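1. Predicted model, plus sequence, below.
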Amino acid sequence: MKNFKIKNKSIATAFLAFTLSVSSCVDDLKQEPNIGITSASVFKDFSNYKNMLAKLYGGLAVGGQSAGDGNGDVAGIDGGFSIYTRLLYTLQVITTDEAVIGWNDGTLHEFHKMIWTPANEFNNAMYFRLFTEIAFCNEFIRNTTDEMLSTNGISGANADEARVMRAEARFLRAQAYYHLLDMYGNVPFVDETTLGTVPKQIMRADLFNYVEAQLKEAEAGLKAPKTNEYGRLDKAAAWSLMARLYLNAKVYTGTERNADVIANCDKVISAGYGLNPKYENLFLADNNVNNPENIFSVVYDGVRTQTNGGTTYLVHAAIGGSMDPAQFGVNGGWGGLRTTKAFVNKFEPADLRGRFYKDGQTLEINDLGNFNDGYAFIKYKNLKSNGGAAQDVQWVDTDLPMYRLADIYLMYAEAVVRGGGGSMSTALGYVNAIRTRANASTISVLNLDFILDERSRELSWEMTRRTDLIRFGKFTSSAYLWPWKGNVKDGVAVGEYRNLFPIPNNDLAVNPNLKQNPGY
């Protein structure tokens, strides 16, 4: 068993009720849960704390309160579509050259075509999923201040552990705000002090400063690298997200912060992480053991986290056509995800990261809705590294890495090339270590175009691609085209305003403090 599990459904329901605090409607903000247990009473018993913390982590992994994403956290969308990681994949990967999807569920097809609108239900679900996570975290943080711990009679070692948990909640809130900062720009702002008022809109640069400050505060309270239990956060995760925040600082604020990228990468690297000797093993059902590379992963378990998101989605949806699901450790394929020739062409023939299924597939994509158009891409599997079976053939055991050392190496290298200091020879060594593991040829010179392509090869389908393309000025422009970008087979530029997603119409309708992102 790898992860937390909510054991008390009444506690979970009480905690869930506080998602109302993210609503822009004043009446909703004043609501209290109409159940026999309240947040105030729950926090008087320290034995409940870990269960409530599990809900914060569970907000990344699953869509609702019961197996198969039933009793969903986010209204207005099927629970299976509403999972944080699945929505993040939709907005960060399907919008790029790394993936297309063959399904026509609602407005899902709009993402690869880059024609989404403020009425898109998947965009709206991502937005509200992030604020739901923030609401969970706000409630935990609000009830675990030193004053509240004292009031509730939590003392000694229990109080010390509660403070560590509060730091974890602070990180998870900062991470959700980071994703809002990255994808939506200027958004409503709520924290643990925001109760009973209509949220005001925070500007992107100010939100950057808030996320930075929160990550620093979280870092101070988190456990040292590798000393927390598996699936929970530590200081290295804070350094990793800070490096990612600083890497994109010019997009968010207009100011480069590459020296800060290097400083945080150095901290992670010095903490004793190492590359997993075999790239494929990073994405298998036992990637939680003997894996020195992963810094923080969203934990999945085929028995305890039965969800249609996360790696269950990434395994099943990538299987179709003549592919044999048993070779991926599952009982069937969903015939959805493939990739584009622009992505395929980035790999040397011997590169182990470029694993494509071609039998019955065409490289060209003439019909986005036909699974056989486009090569299938093989990355995540529900099999163990020894070839053995996982616990279940429907629900996947494979954990989903959010931060891992190879990304740290690549961020360090990019920041060096961008003039942030550091060592060019060290940067080159990091990149070549990654390429050697992948059986790709080593290089002697680094440049930004190469780093962008290497990030795609190494971090494919790990939900960084859209952000990377924006940082390099290639997401919306004609500087880089891929099949069906802009809803044209060979690809066209789209309006620069699509570097941000729209604020949902239904939030604008109830909150007069909000202004829509330009272009929508």
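-> The structure has been received and is ready for your questions. Numbering: from 1, shown residues only.

2. Go ahead and name everything in contact with stretch 208-223.
-> Applying Cβ atoms under 8 Å, 6 or more residues apart in numbering, the contact partners of stretch 208-223 are 163-164, 166-168, 170-171, 173-174, 177-178, 181, 189, 202, 228, 233-235, 237-239, 241-242, 245, 249, 252-253. Where you see a C-beta, it was placed from the backbone N, CA and C, and this is true even at glycine.

3. in the stretch 1-150 of the chain, which spans are strands?
-> For the stretch 1-150 of the chain, applying DSSP state E, counting those that start in this stretch gives strands covering 64-66, 70-72, 100-101.

4. same check, this time on the chain
-> 64-66, 70-72, 100-101, 187-189, 200-202, 294-298, 337-338, 356-357, 376-377, 400-404 (DSSP state E).

5. so where's the stretch 1-150 of the chain uncertain?
-> Within the stretch 1-150 of the chain, the stretches with pLDDT under 70 are 1-38.

6. E280: how many residues sit nearby?
-> The number of residues packed near E280 is 16, by other Cβ atoms under 10 Å.

7. Apologies, that question was intended for P188.
-> Residues lying near P188 (other Cβ under 10 Å) number 23.

8. now it, nearest residue through space, not along the chain?
-> Using Cβ to Cβ, 6 or more residues apart in numbering and skipping residues adjacent in sequence, the residue nearest P188 is P199, 3.7 Å away.

9. mind listing what A169 touches?
-> Neighbours of A169 in contact, by Cβ under 8 Å, 6+ apart: L53, L56, C137, F140, I141, T144.

10. In helices, which of those appear?
-> Counting by DSSP state H, the contacts of A169 place L53, L56, C137, F140, I141 in helices.

11. Distance check, the closest residue to the first one other than its chain neighbours against N186.
-> The shortest distance from L53 to any non-neighbouring residue, by Cβ to Cβ, 6+ apart, is to M165 (4.9 Å). Counting by Cβ to Cβ, to the nearest Å, the gap between M165 and N186 amounts to 31 Å.

12. my guess is K346 contacts D453, does it?
-> Yes: counting by Cβ atoms under 8 Å, D453 is a contact partner of K346 at 5.2 Å.

13. Between those two, which has more neighbouring residues?
-> K346 (18 against 15).

14. what's the burial count for Y497?
-> 12.

15. contacting residues for the residue nearest to it when sequence neighbours are not counted?
-> Nearest residue to Y497 in three dimensions, chain neighbours excluded: G519, at 2.7 Å (Cβ to Cβ, 6+ apart). Contact partners of G519, counting by Cβ under 8 Å, 6+ apart, are G495, E496, Y497, R498.

16. quick one: pLDDT of the second one?
-> If you check E496, the pLDDT there is 98.

17. any idea how far the residue lying closest to it once chain neighbours are set aside lies from G491?
-> Distances taken as Cβ to Cβ, 6+ apart place T476 nearest to E496, at 5.1 Å, with adjacent residues excluded. The gap separating T476 from G491 is 11 Å, by Cβ to Cβ.

18. Also K379?
-> To G491, K379 is 23 Å away according to Cβ to Cβ.

19. likewise R465?
-> 15 Å.

20. more neighbours, the two?
-> R465 (25 against 19).

21. How about the contacts made by the residue nearest to that one when sequence neighbours are not counted?
-> Leaving aside its sequence neighbours, R465 sits nearest to T96 (Cβ to Cβ, 6+ apart; 4.4 Å). Contact analysis of T96 by Cβ under 8 Å, 6+ apart lists R465, R466, L469, F475, W482.

22. hmm, back to that, out of the contacts of G519, what pair is the most spread apart?
-> Farthest apart among the contacts of G519 by Cβ to Cβ are E496 and R498. That separation is 7.0 Å.

23. joint contacts of these two?
-> By Cβ under 8 Å, 6+ apart, the residues touching both E496 and R498 are T476, G519.

24. who has more neighbours, these two?
-> Per other Cβ under 10 Å, whichever of E496 and R498 has more neighbours is R498, with 20 against 14.

25. I'd guessed the more buried one sits against M114; true?
-> Yes: counting by Cβ under 8 Å, R498 touches M114, with 5.8 Å between them.

26. would you turn the ones in helices among the contacts of A169 into TSV with neighbour count and distance to L410?
-> What follows is those, written out as TSV (neighbours: other Cβ atoms under 10 Å; distance: Cβ to Cβ, whole Å):
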residue	neighbour count	distance to L410
L53	24	31
L56	23	28
C137	27	29
F140	27	33
I141	22	32
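
27. quick check, nearest of those residues to A157?
-> L53 (16.0 Å).

28. The closest one against E139, yeah?
-> No: L53 lies out of contact with E139 (Cβ under 8 Å); the separation is 11.5 Å.

29. Name the stretch among the strands of the stretch 1-150 of the chain that sits most buried.
-> Looking across these with neighbours counted as mean count of other Cβ atoms under 10 Å, the highest average goes to strand 100-101: a mean of 25.

30. Tell me the strands beside it, with direction?
-> Here strand 100-101 is paired, per DSSP bridges, with strand 337-338 (antiparallel).

31. At which residues are the helices of the stretch 51-200 of the chain located?
-> Secondary structure of the stretch 51-200 of the chain (DSSP state H, counting those that start in this stretch): helices located at 84-92, 110-113, 121-142, 146-151, 156-183.

32. Let's see the second one as PDB, backbone CA atoms only.
-> Meaning helix 110-113. C-alpha atoms of helix 110-113 as PDB (Å, rounded to 0.1, in the frame of the first residue of the first chain):
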ATOM      1  CA  GLU A 110     -11.000  22.100 -29.100                       C
ATOM      2  CA  PHE A 111      -7.700  21.800 -27.200                       C
ATOM      3  CA  HIS A 112      -5.400  20.400 -29.900                       C
ATOM      4  CA  LYS A 113      -7.100  22.600 -32.500                       C
END
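
33. same for it, what does it pack against?
-> Counting contacts by 3 or more Cβ pairs under 8 Å, 6 or more residues apart in numbering; DSSP states H and E, helix 110-113 is packed against strand 100-101.

34. what comes into contact with the strand it packs on?
-> Here strand 100-101 makes contact (Cβ under 8 Å, 6+ apart) with 90, 94, 108-109, 111-112, 317, 336-340, 365, 368, 374, 483-484.

35. looking at the chain, which helix or strand does the model trust least?
-> Every helix and strand of the chain was ranked by mean pLDDT, DSSP states H and E. The lowest is helix 26-29, at a mean of 32.

36. What's the local residue count around Q516?
-> 14.

37. What residues does the residue nearest to F377 when sequence neighbours are not counted make contact with?
-> With sequence-adjacent residues excluded and distances taken as Cβ to Cβ, 6+ apart, F377 is closest to T339, at 4.4 Å. By Cβ under 8 Å, 6+ apart, the contact set of T339 is D97, E98, A99, V100, F356, G374, Y375, A376, F377.

38. follow-up on the earlier one: could you measure the residue nearest to L53 against M52, distance?
-> M165 is 8 Å from M52, by Cβ to Cβ.
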